[in-house]
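A.B. asks: pasting a predicted model and its sequence here:
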Amino acid sequence: MRVILLPAVAASLAATPLAAQPHGLAHSANLGEQNVGDTLERDVLDVPASGAYSEIRICAWKKPVRLFDATVQFDDGSQHTLRAARQGAIIPRSGCTNWLHLGGQRTINNVHMNYWAEYFGPTRADIEVRGR
């Protein structure tokens, strides 16, 4: 009986859908993507009109990224700044920040970010901003 149960458990874990994966990306909307080099960059990510959000998270791909701050500008002209510690916060490669609360459900116009790709080299990091 144990021999049959063990392969069944392994098969169910291998077939786990994206919704159950650690990033939980299936339950959020992609608000935009940006390419980041290894020097300090100040980028503005324009968000297409796609609904209202109360939280965002920032994900890094290809390289870790050091994020210093992000300012979210809303449709009504207000803004919300999310600041990391003075030395910045590291977003690991293929990792995301926790969900960052925006203080209510509002439409986002753009996100201003100050950051850099953590390691020097020809490969640039990709940043993805998610909302829910």
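C.D. replies: Happy to help now that I have it.

A.B. asks: low-confidence ranges, the protein, go.
C.D. replies: 1-25 (pLDDT under 70).

A.B. asks: can you give me the strands in it?
C.D. replies: Using DSSP state E, the strands assigned to the chain run over residues 29-36, 41-46, 52-61, 65-74, 79-83, 89-91, 95-96, 100-117, 125-131.

A.B. asks: tell me the most buried of those?
C.D. replies: Of all these, strand 125-131 has the most neighbours on average by mean count of other CB atoms under 10 Å, namely a mean of 22. Heads up, the C-betas are built off the backbone N, CA and C, glycines and all.

A.B. asks: what's it packed up against?
C.D. replies: strand 29-36, strand 52-61, strand 100-117 (3 or more CB pairs under 8 Å, 6 or more residues apart in numbering; DSSP states H and E).

A.B. asks: residue 130 is nearest to which of those?
C.D. replies: Evaluated over the helices and strands packed on strand 125-131, closeness to residue 130 peaks at strand 52-61, with 5.0 Å, by CB to CB.
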